[in-house]
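Participant: Need a 3D model of the following:
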Amino acid sequence: MTSTAQAPQPGAGTAHPDHLGHVIFIAAAAAMGGFLFGYDSSVINGAVEAIRTRYDIGSAALAQVIAIALIGCAIGAATAGRIADRIGRIRCMQIAAALFTISAVGSALPFALWDLALWRIVGGFAIGMASVIGPAYIAEVAPPAYRGRLGSFQQAAIVVGIAISQLVNWGLLNAAGGDQRGKLMGLEAWQVMLGVMVVPAVLYGLLSFAIPESPRFLLSVGRRERAREILAEVEGEDADLDARVAEIEHAMKSEHTSAFKDLLGGGFFFKPIVWIGIGLSVFQQFVGINVAFYYSSTLWQSVGVDPADSFFYSFTTSIINIVGTVIAMIFVDRVGRKPLAIIGSVGMVVGLALEAWAFSSHLVDGRLPGTQGWVALVAAHVFVLFFALSWGVVVWVMLGEMFPNKIRAAALGVAAAAQWIANWAITASFPSLADWNLSVTYVIYAVFAALSIPFVLKFVKETKGKALEEMG
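Facilitator: Sure, this is the predicted structure:
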């Protein structure tokens, strides 16, 4: 996509918008793509063991089926900007919703393992598209004074999606008598879990018809009056709309459509700012956060927790995730992006180190000893809390803000693709690593959390309160 909407002149956009409630609705609707990502990330958690036994596969093959959706996510993220520049942000959202709906139906009714994997790739492509379009669209329509908080809706939607999917999985598991392969509506319980994803996918599609196109895209295709109307909706009638339109048009004239070659600097290497965006994406995933959502029920069952109880523990982790995200939304525009990231990294190191210690113990009758069991449970919640109040929100906000206008779309696509690839690497490797040594696996994640601290201190610039034109 071309770069996001420009900030108004100094002092503009800082007053309380006349239609803030409407802007919040628009941002929430756009962030439904994040809800789908969260829902898909966690709903598969309820199907992991059932897929293993249904198709009689080992940990390595199972990991590939679970993680393969993330390859689709990377492709979708890398191509979404170009698609959105050609047909618009809203049409891009609608395509993503349609693909995800098809994927949900196919995943619920697979006739073979490769078939299930194929539908997960399709769904992943849709989620990848939505993961780029959501933050970029919100940045384009949000009044500058509220951009950080509205931008954090993406992560808020992800964590709510995780929590809702775990609650639904828990209910379906109990309805099936605690057996992931128990019968429900003529299907196995895990198939119903995947099929229920149709509901949020359809809702995302319907909401996309209820929100306006980005003013910036409308101006790029010559629809000046419609762009002016939408600016009035989101910034209020008192705003100098002619000045805002002229400002965006002036900025667009000095820009060109960003391409991959624009990201290169110093030969075949990316510009430093692009590497920083990639680094933020990779560190966000290499701390192992998605292990907590893809494999949490399997993890707890492996240390002797009853299947139904393991789903309950997974749900409580999601509640902590939501609490942390709300904290981040409150402070991201007050404290700033960098301080939150550093605080979160320190907390994650503590939580992951405690988990590594707890899982180093030998099982007694298939369970962790009492003290270690409680430490593992509390540490898991501490880790998720500190991730949610920092890196979960900060990275999405910064990726929408940190790049110069002329490369923002292409750079955001590359950074988002790197995030999905890193997510795939962690998700695909965890089952084999856990089989080898679960404690050392958590040590590895703790090391990455620790390394993220000097990375942020040395390379990441604060974007709090800056206009988008100042970035890079």
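Participant: which stretches of the stretch 201-350 of the chain have low pLDDT?
Facilitator: 236-240, 251-262, 266-268, 293-311 (pLDDT under 70).
Participant: for it, what spans make up the helices?
Facilitator: 215-220, 224-235, 241-253, 272-286, 291-294, 296-302, 307-331, 337-358 (DSSP state H, counting those that start in this stretch).
Participant: Let me know which of the ones you listed is tucked in deepest.
Facilitator: helix 291-294 (a mean of 25; mean count of other CB atoms under 10 Å). Yep, even glycine has a C-beta here, placed from its N, CA and C like the rest.
Participant: What sits closest to residue 44 if chain neighbours are left out?
Facilitator: With sequence-adjacent residues excluded and distances taken as CB to CB, 6 or more residues apart in numbering, residue 44 is closest to residue 66, at 5.7 Å.
Participant: Does that neighbour lie in a helix or a strand, and which?
Facilitator: helix 59-67 (DSSP states H and E).
Participant: In terms of secondary structure, what does that helix contact?
Facilitator: In terms of contacts (3 or more CB pairs under 8 Å, 6 or more residues apart in numbering; DSSP states H and E), helix 59-67 is packed against helix 48-55, helix 113-141, helix 408-459.
Participant: out of these, deepest packed?
Facilitator: helix 113-141 (a mean of 25).
Participant: Could you tell me the angle between that helix and helix 59-67?
Facilitator: 40 degrees (axes from the mean of the first three to the mean of the last three CA atoms, to 10 degrees).
Participant: and helix 113-141, what's its mean pLDDT?
Facilitator: Taken as a whole, helix 113-141 has a mean pLDDT of 87.
Participant: any idea which helix or strand comes after that helix?
Facilitator: Next element after helix 113-141 (DSSP H and E): helix 147-151.
Participant: Can you say which of the helices of the stretch 201-350 of the chain is nearest to residue 72?
Facilitator: Residue 72 lies closest, by CB to CB, to one member of the helices of the stretch 201-350 of the chain: helix 291-294, at 15.2 Å.
Participant: Show residues contacting stretch 159-169.
Facilitator: 34-43, 45-46, 193, 196, 200, 293, 311, 314-315, 318-319, 321-322, 324-325, 388, 392 (CB atoms under 8 Å, 6 or more residues apart in numbering).
Participant: 6 Å instead?
Facilitator: Under the criterion CB atoms under 6 Å, 6 or more residues apart in numbering, residues 35, 38-39, 42-43, 46, 193, 196, 293, 314-315, 318, 321-322, 325 lie in contact with stretch 159-169.
Participant: Now stretch 30-41: average pLDDT?
Facilitator: pLDDT averaged over stretch 30-41 gives 85.
Participant: For the helices and strands packed on helix 59-67, give me JSON lines that also has distance to residue 229.
Facilitator: Listed next are the helices and strands packed on helix 59-67 as JSON lines, based on distance: least, CB to CB, whole Å:
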{"stretch": "helix 48-55", "distance to residue 229": "48"}
{"stretch": "helix 113-141", "distance to residue 229": "12"}
{"stretch": "helix 408-459", "distance to residue 229": "24"}
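Participant: Of all the ones you listed, which one comes closest to residue 30?
Facilitator: helix 113-141 (4.9 Å).
Participant: Which elements pack onto the closest one?
Facilitator: With contacts defined as 3 or more CB pairs under 6 Å, 6 or more residues apart in numbering; DSSP states H and E, helix 113-141 has these neighbours: helix 20-30, helix 32-43, helix 69-87, helix 89-108, helix 147-151.
Participant: which one of the ones you listed is the most hemmed in?
Facilitator: helix 32-43 (a mean of 28).
Participant: tell me the angle that helix makes with helix 20-30.
Facilitator: 50 degrees.
Participant: Mind listing residues that contact helix 32-43?
Facilitator: 100, 127, 130, 134, 154, 157-158, 161-162, 165-166, 193, 200, 204, 207, 293.
Participant: okay, that helix in CSV with CA atoms only?
Facilitator: Output in CSV follows, covering the C-alpha atoms of helix 32-43 (Å, rounded to 0.1, in the frame of the first residue of the first chain):
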residue,chain,number,x,y,z
MET,A,32,-11.6,-8.3,13.1
GLY,A,33,-8.8,-9.7,10.9
GLY,A,34,-6.7,-9.8,14.1
PHE,A,35,-9.6,-11.6,15.8
LEU,A,36,-9.5,-14.3,13.0
PHE,A,37,-5.7,-14.7,13.5
GLY,A,38,-6.2,-15.1,17.3
TYR,A,39,-9.1,-17.5,16.9
ASP,A,40,-7.2,-19.6,14.3
SER,A,41,-4.0,-19.6,16.4
SER,A,42,-5.8,-21.0,19.4
VAL,A,43,-8.6,-23.1,17.9
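Participant: what angle do that helix and helix 408-459 make?
Facilitator: 70 degrees.
Participant: how distant is helix 32-43 from the center of its chain?
Facilitator: 8 Å (CA atoms, centre = their mean, to the nearest Å).
Participant: Any idea how many residues pack against the nearest residue to residue 351 once chain neighbours are set aside?
Facilitator: Of all residues not flanking residue 351 in the chain, residue 383 sits nearest, at 3.2 Å (CB to CB, 6+ apart). By other CB atoms under 10 Å, the residues close to residue 383 number 29.
Participant: picking that back up, and the average pLDDT for the helix holding residue 66 is what?
Facilitator: 80.
Participant: And the contacts of it?
Facilitator: With CB under 6 Å, 6+ apart, helix 59-67 has contacts from 44, 52, 117, 294, 424, 427, 428, 431, 432, 435.
Participant: just these now: which is nearest residue 185?
Facilitator: Closest to residue 185, out of all of the contacts of helix 59-67 and judged by CB to CB, is residue 44, at 19.4 Å.
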